[in-house]
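# The sequence and its predicted three-dimensional model are supplied below.
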Amino acid sequence: MKASIRIRFCAVGIALALAASSYAQDVERLSEVDTKSKSIATPKMADGHPDLSGYWKGTRDTVPVGNIAKDLPGLKLPLTPAGEAALKHNLTETIDPESLCIIGGIPRHNASGLPFEIIQNPKKV
């Protein structure tokens, strides 16, 4: 008796998994969703510039994480001499702002996955 219940339970689970995977591979449905999301107009400020104000949350799924130079020859970023000097200074002479509880800037914050708010007016972002 218990074996037949287990078999039925497993059969239902497999059927649900197959149904879900076939639904996920519906390319036409995915392209429709993609088309609809691209048709939303970008909000604009009164001066015509994009309005970035609002609540934002980055995601680790769509941003590079780790060594971004992994595909470059010798794993070396293409820095100018001034850029190399600035990098060396930052690595040896400064303290990580986040270790002092100072919120990171936008590029770093986007990769963190933490939410943030942008406040924008005609003169400042």
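Cool, the structure landed.
# List of residues touching the one helix or strand residue 91 maps to?
Assigned by DSSP states H and E, residue 91 belongs to helix 81-93. Under the criterion Cβ atoms under 8 Å, 6 or more residues apart in numbering, residues residue 79 lie in contact with helix 81-93. C-betas here are computed from N, CA, C, even on glycine.
# Mind checking the pLDDT average for it?
Over the span of helix 81-93, the pLDDT mean works out to 91.
# Repeat that for stretch 97-106.
Mean pLDDT, stretch 97-106: 75.
# Tell me where the chain has helices.
Ranges of helices within the chain are 2-24, 27-38, 81-93, 106-112, based on DSSP state H.
# ranking these by mean pLDDT, which is last?
When the helices of the chain are compared on average pLDDT, helix 27-38 comes out lowest at a mean of 54.
# Tabulate the CA atom coordinates of the helix holding residue 91 in CSV.
Once non-C-alpha atoms are left out, helix 81-93 reads as follows in CSV (Å, rounded to 0.1, in the frame of the first residue of the first chain):
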residue,chain,number,x,y,z
PRO,A,81,50.2,54.8,-16.6
ALA,A,82,48.0,57.3,-14.7
GLY,A,83,45.4,54.5,-14.1
GLU,A,84,48.0,52.1,-12.8
ALA,A,85,49.3,54.8,-10.4
ALA,A,86,45.8,55.5,-9.2
LEU,A,87,45.1,51.8,-8.7
LYS,A,88,48.4,51.3,-6.8
HIS,A,89,47.6,54.3,-4.6
ASN,A,90,44.0,53.0,-3.9
LEU,A,91,45.3,49.5,-3.0
THR,A,92,48.2,50.7,-0.7
GLU,A,93,47.3,54.1,0.6
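# Alright, that wraps it up for me.
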